[in-house]
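Chemist: Could you work out the structure for the sequence below:
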Amino acid sequence: MSFQRYLLQLSYRGSAYKGWQVQPDEITVQSVIQEKLSVLLRADVELTGCGRTDTGVHASQYFAHFDTEENAATNLELKSINALLPTDLAIHHMYLTPETFHARFDAHYRKYIYKLHLQKDPFAAFNSCWLRETSSLNFSLLNDAAHLIDGRSDFRSFAKSGNQLEHFDCTLYENQWFETSPGIFEFHIAANRFVRGMVRLIVGMCINYALQKISKEQILENLSGGQQIAKSYSVPAIGLTLVEVKYPEEKWSALRML
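Modeler: You can find the predicted model right below:
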């Protein structure tokens, strides 16, 4: 039996989901899409995502591939899939790929943005974190803390406890804070890969430094020793969004949009 591989480009608001990956007795993004695709294709479908997002984390750009019998998905329309999906989850494009294409392993660039606001705002409540403990945050100090990890490749100091990773090596491409308007901040970070919990712990470290809860010397000591940062603070998932995933040009150019 011959199979074809398809790639979906999608986005989702993560608030209602226990992350991307299928978990027993939990509602996840992967499980919901698999269920709807299986109904439309009348066959079991297993998605492979470009990475894991934790409970409550959003994605404005995400990719996942699946295999199905040859030509089985040729007439599958995006409007048919989206009609079955909840309003917080959307498929934007579908591609036919070479059988060797892999949504996760071929991705070489991933970018996250963490949004933070200091004044209560009901319109920012679903994708930005309200930092209740302060009404001011020193923008320069946020960036000073972020730049302490520039040029580093080992990120074990920002790995969630209990992980079973073989290594903690990541290559950073971007690592910077922006104050988009008074009291509203964004942290932009891009890398080839991320260890579990890494972005939220880096943001927490920057906030603690800006609030003078931890010194530069303490951070550098923990980084040098490969220890979790003192006064470790994992910020809430609500402010975190995966915004961009890239593939090598030779891989991307081999895709055919349906």
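Chemist: was I right about I207 contacting L142?
Modeler: Yes. Assessed by C-beta atoms under 8 Å, I207 is found in contact with L142 at 7.4 Å. C-betas here are computed from N, CA, C, even on glycine.
Chemist: which residues of the stretch 151-258 of the chain score low on pLDDT?
Modeler: Applying pLDDT under 70 to the stretch 151-258 of the chain picks out residues 161-165.
Chemist: And the strands in it, which stretches?
Modeler: Per DSSP state E, counting those that start in this stretch, the stretch 151-258 of the chain carries strands over the ranges 172-181, 184-191, 240-246, 256-257.
Chemist: So which of these is nearest L220?
Modeler: Of all these, it is strand 172-181 that lies closest to L220, at 15.9 Å by C-beta to C-beta.
Chemist: starting at the chain centroid, how far to the closest one?
Modeler: 16 Å (C-alpha atoms, centre = their mean, to the nearest Å).
Chemist: next one: stretch 193-209
Modeler: 13 Å.
Chemist: Dump the C-alpha coordinates for it into PDB.
Modeler: Written as PDB, here are the backbone C-alpha positions of stretch 193-209 (Å, rounded to 0.1, in the frame of the first residue of the first chain):
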ATOM      1  CA  ARG A 193      15.500  24.300  19.500                       C
ATOM      2  CA  PHE A 194      14.300  24.900  23.000                       C
ATOM      3  CA  VAL A 195      14.500  22.700  26.100                       C
ATOM      4  CA  ARG A 196      11.200  22.200  28.100                       C
ATOM      5  CA  GLY A 197      10.300  25.200  30.100                       C
ATOM      6  CA  MET A 198      13.300  27.300  28.800                       C
ATOM      7  CA  VAL A 199      11.600  30.400  27.600                       C
ATOM      8  CA  ARG A 200       9.300  30.900  30.600                       C
ATOM      9  CA  LEU A 201      12.300  30.400  33.000                       C
ATOM     10  CA  ILE A 202      14.400  32.900  31.000                       C
ATOM     11  CA  VAL A 203      11.600  35.500  31.200                       C
ATOM     12  CA  GLY A 204      11.300  34.800  34.900                       C
ATOM     13  CA  MET A 205      15.000  35.400  35.400                       C
ATOM     14  CA  CYS A 206      14.800  38.700  33.500                       C
ATOM     15  CA  ILE A 207      11.900  39.900  35.600                       C
ATOM     16  CA  ASN A 208      13.600  38.900  38.900                       C
ATOM     17  CA  TYR A 209      16.700  40.700  37.900                       C
END
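Chemist: Any buried residues in it, and which?
Modeler: For stretch 193-209, the neighbour count (16 or more other C-beta atoms under 10 Å) marks 193-209 as buried.
Chemist: tell me, how many neighbours does the closest residue to L141 other than its chain neighbours end up with?
Modeler: Closest residue in space to L141, ignoring its immediate chain neighbours: A210 at 4.1 Å, by C-beta to C-beta, 6 or more residues apart in numbering. Applying the criterion other C-beta atoms under 10 Å, we find 22 residues in the vicinity of A210.
Chemist: so who does A210 touch?
Modeler: A210 makes contacts with 137-138, 141-142, 145, as judged by C-beta atoms under 8 Å, 6 or more residues apart in numbering.
Chemist: Show me those that map onto helices.
Modeler: 141-142, 145 (DSSP state H).
Chemist: could these be laid out in CSV, adding distance to H65 and pLDDT?
Modeler: CSV is the format used below for these (distance: C-beta to C-beta, whole Å; pLDDT from 0 to 100):
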residue, distance to H65, pLDDT
L141, 42, 97
L142, 37, 97
A145, 37, 97
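Chemist: Of these, which is the nearest to E179?
Modeler: Nearest to E179 among the ones in helices among the contacts of A210, with distances taken as C-beta to C-beta, is L142, at 8.5 Å.
Chemist: For that closest one, which non-adjacent residue is spatially closest?
Modeler: According to C-beta to C-beta, 6+ apart, the nearest residue to L142 is W177 (4.3 Å).
Chemist: so that neighbour bridges to which residues?
Modeler: F187 (DSSP bridges).
Chemist: For it, grab the count of nearby residues.
Modeler: Other residues close to W177 by other C-beta under 10 Å number 24.
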